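Engineer: have a look at this fold, sequence not included:
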């Protein structure tokens, strides 16, 4: 229609009279715009065109000889004449002029204006028809570009273009099948919106916002379309009345947030999306959506500077969001103090909203530490302990959860002042209040408060204060032990008792027996499900109780607990039980608990029988693995030390003298070659707990552990090996067995390295035995270092160590070159 039926004129400021050029492709915005600007419905009269600029005149003026020019053009001509030293001449006739006076040509100017108005009216009418009738793509593009061009300008037809009917026709083009048409329509609407904000309401009628949002979807648009769509949304968002409408369109804010945070989008899109979101943040509903989509800055702003009602609303929203850990830290740093302040308000609504938000934020250690620095502890503890304006129980539970979170965050909690008299969480009065609250609330709050005590007893700096507070408050440990029966509280109380056990081990053992809860512990340990945290904590607690407590061990023997533990240990070794992440601490506690039976062998014949029947020595030897858990190695080695110490009593020595003569009357004497070299009798790993049995390689395994990096493993292994050179055995043979197992060098190195005082004492004792034995004395390496280590022990050791070192030094003269 546009190409065949008519010619369009351009805006007069750009029209070149008589100019012509070849046509460009109609789908090019710039080219089609040029074509529009060079076509007119009415022809251009020569009197409209300035002879100098060849363009339609805006401000025509008449010079002395009657010729008409554009004012700016003829003024420039005269200036050039003056600069060149010539007298002014007419550009057309080149005849000299007497003056350069310029007189407005009112008639021509009026005629041009009327001509422009007629052309623009006609062009606008054609544009309207093209958009209404959905003409060819090129006609639609020309119409859109014309509307955009007029809207940008200052012509008389600008108001006519800014017409609701025309805007609706342009909006309709957003659903056109052509990408070029849609992109140009978006651009046109953006220009109109910039020029006439009142039309924004018209643009957003119906499903326009939804259409724009669809264009923003990555699968539905080109880069150009997306850029134009974001620009249009940005212009529309400048209108406060439209912010709510834009935000209410499903997916609009989520997509904008995604674009604003994208690293793959072009910079212009990111900036426009960011600015659009800033505009949309005028609506509280939009702020909610942004927060749910991961853009929290507007929410922060309202929490910091909003009205009291808005702060409550935003805090409540924050409490319902799912935040990742990094975001929790950012939230705590930005609005933590504001939330803490809100928590101190007198109204329940403020306190509930802030507590729920703080509960969310405090669930990550790093953000919980920030909240402590923001001052959360004093009002939190006050809310929990207050008797007057009490929190409802549901909120006390939230407060208890927050307190548990911050206490277990790893912060130096014992130094934080929470009261006017410089009370802390580990003050006697605070612990009393906690214990009182635990005994006077429901299970949900009790569980959280027990976790608070777990946190307070997890650190060396605070656990001793808690223990002292518990003892000084008159609270008995049995009160806590009784909570083991309650399923909801069991794990928390078991963790607490485990933390207290190094400081209150005997009190715990007595309480467990007195309350009858020992059986409950043993039942938990032997539950048939996969290894749980509860089982691992329980068996760890049992392992911490005093090994020498005969009453406790006797109770366990009576209940058959050691047999159950042996069965469980075999199941674990055979892979019949899957433990997951709690297997290592469970196995650690199980072995240590089983080892306690070896501490009462002298007092309990039943314990001795159990160890022999179950071949407990063999079980502990099998657990000696260089890559095994340290605590398992330590417990196994110490158990072997206890068992091996009993070997001298259990070994069956052959009769001598008259008894031997009588024995031969009834049978043969044992072959001397089958007797134990160390104990001088009939020994075995199972019956007499003898480590010399070569089939088990017990000595070799213990020697291998002497190179362990953990001093406690080395100490336990050396203690077990030392039983082979104890008084009462054939010491020289014991020394030779250690030597044959390559134990001489690592034991001497332990002495020389001075790793710990305990190791030095034990190494001095064993080395002294080495130096008694002529067969290996000359094989002791680094003799000068040995002498130095012995001298150091003689000077700096305790009384017994000095005596042993002195004896060893007397033996040193057997070493070569000592006199030199």
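Structural biologist: Happy to help now that I have it. Remember, it's a predicted structure, so these values are computed and weren't measured experimentally.
Engineer: what segments of the protein are strands?
Structural biologist: Taking DSSP state E to define them, one finds strands in the chain at 60-62, 68-70, 103-104.
Engineer: how many residues are close by the nearest residue to residue 200 once chain neighbours are set aside?
Structural biologist: Of all residues not flanking residue 200 in the chain, residue 239 sits nearest, at 4.9 Å (Cβ to Cβ, 6 or more residues apart in numbering). Bear in mind the C-beta positions are built from the backbone N, C-alpha and C, glycine included. If you count neighbours by other Cβ atoms under 10 Å, residue 239 ends up with 18.
Engineer: and the one 10 residues further on, by the same measure?
Structural biologist: Look at residue 249: counted by other Cβ under 10 Å, it has 19 neighbours.
Engineer: likewise residue 326?
Structural biologist: Residue 326: 11 surrounding residues under other Cβ under 10 Å.
Engineer: ok, residue 726 next?
Structural biologist: Residues near residue 726, counting by other Cβ under 10 Å: 16.
Engineer: same check, this time on residue 784
Structural biologist: By other Cβ under 10 Å, 10 other residues sit near residue 784.
Engineer: list the residues that contact it.
Structural biologist: Residues counted as contacts of residue 784 (Cβ atoms under 8 Å, 6 or more residues apart in numbering): none.
Engineer: any idea how far it lies from residue 45?
Structural biologist: To residue 45, residue 784 is 123 Å away according to Cβ to Cβ, to the nearest Å.
Engineer: before we move on, what about residue 734?
Structural biologist: 130 Å.
Engineer: which of these two has more residues huddled nearby?
Structural biologist: A count of neighbours by other Cβ under 10 Å puts residue 734 above the other of residue 734 and residue 45, at 25 against 13.
Engineer: wait, the more buried one touches residue 679, no?
Structural biologist: No. Using Cβ atoms under 8 Å as the test, residue 734 is too far from residue 679 to be in contact (9.3 Å).
Engineer: who's in contact with the residue nearest the centre of the chain?
Structural biologist: The residue lying closest to the centre of the chain (Cα atoms, centre = their mean) is residue 325, at 4.1 Å. Going by Cβ under 8 Å, 6+ apart, residue 325 touches 364, 366-367.
Engineer: pick out whichever of those sits closest to residue 754.
Structural biologist: residue 366 (41.0 Å; Cβ to Cβ).
Engineer: quick check: nearest residue in space to the closest one, chain neighbours excluded?
Structural biologist: Spatially, and ignoring its direct neighbours in sequence, residue 366 is nearest to residue 329 (5.0 Å; Cβ to Cβ, 6+ apart).
Engineer: check what pLDDT that neighbour gets.
Structural biologist: The model reports residue 329 with a pLDDT of 96.
Engineer: re the thing from before, turn the contacts of residue 325 into TSV, columns for distance to residue 622, neighbour count and pLDDT.
Structural biologist: Converted to TSV, the contacts of residue 325 look like this (distance: Cβ to Cβ, whole Å; neighbours: other Cβ atoms under 10 Å; pLDDT from 0 to 100):
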residue	distance to residue 622	neighbour count	pLDDT
364	43	20	96
366	44	13	97
367	47	26	97
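Engineer: among the residues you listed, which are located in helices?
Structural biologist: Among those, the members found in helices (DSSP state H) are 366-367.
Engineer: ok, the nearest residue to residue 450 once chain neighbours are set aside - contacts?
Structural biologist: Leaving aside its sequence neighbours, residue 450 sits nearest to residue 492 (Cβ to Cβ, 6+ apart; 3.7 Å). With contacts defined as Cβ under 8 Å, 6+ apart, residue 492 is in contact with 447, 450-451, 454.
Engineer: switch the cut-off to 10 Å
Structural biologist: 404, 438, 446-454, 483, 486, 537 (Cβ atoms under 10 Å, 6 or more residues apart in numbering).
Engineer: I'd like those residues laid out as CSV, including distance to residue 726, pLDDT and neighbour count.
Structural biologist: Formatted as CSV, the entries for the contacts of residue 492 read as follows, by distance: Cβ to Cβ, whole Å; pLDDT from 0 to 100; neighbours: other Cβ atoms under 10 Å:
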residue, distance to residue 726, pLDDT, neighbour count
404, 51, 95, 23
438, 50, 88, 23
446, 52, 91, 22
447, 51, 92, 23
448, 53, 93, 23
449, 51, 93, 25
450, 47, 94, 24
451, 48, 94, 23
452, 49, 95, 26
453, 45, 94, 26
454, 43, 95, 22
483, 46, 91, 22
486, 49, 90, 13
537, 38, 97, 25
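Engineer: adding distance to residue 189, write these out as JSON lines.
Structural biologist: Shown next, in JSON lines, are the contacts of residue 492 (distance: Cβ to Cβ, whole Å):
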{"residue": "404", "distance to residue 189": "56"}
{"residue": "438", "distance to residue 189": "66"}
{"residue": "446", "distance to residue 189": "63"}
{"residue": "447", "distance to residue 189": "60"}
{"residue": "448", "distance to residue 189": "57"}
{"residue": "449", "distance to residue 189": "62"}
{"residue": "450", "distance to residue 189": "64"}
{"residue": "451", "distance to residue 189": "59"}
{"residue": "452", "distance to residue 189": "60"}
{"residue": "453", "distance to residue 189": "65"}
{"residue": "454", "distance to residue 189": "63"}
{"residue": "483", "distance to residue 189": "69"}
{"residue": "486", "distance to residue 189": "67"}
{"residue": "537", "distance to residue 189": "67"}
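Engineer: and which of the residues you listed is nearest residue 376?
Structural biologist: Scanning the contacts of residue 492 for proximity to residue 376, where the rule is Cβ to Cβ, the winner is residue 404, at 12.6 Å.
Engineer: all helices of the stretch 551-700 of the chain, in order?
Structural biologist: 561-573, 583-595, 605-613, 616-622, 630-645, 647-650, 658-666, 698-704 (DSSP state H, counting those that start in this stretch).
Engineer: having no further points to raise, I will conclude here.
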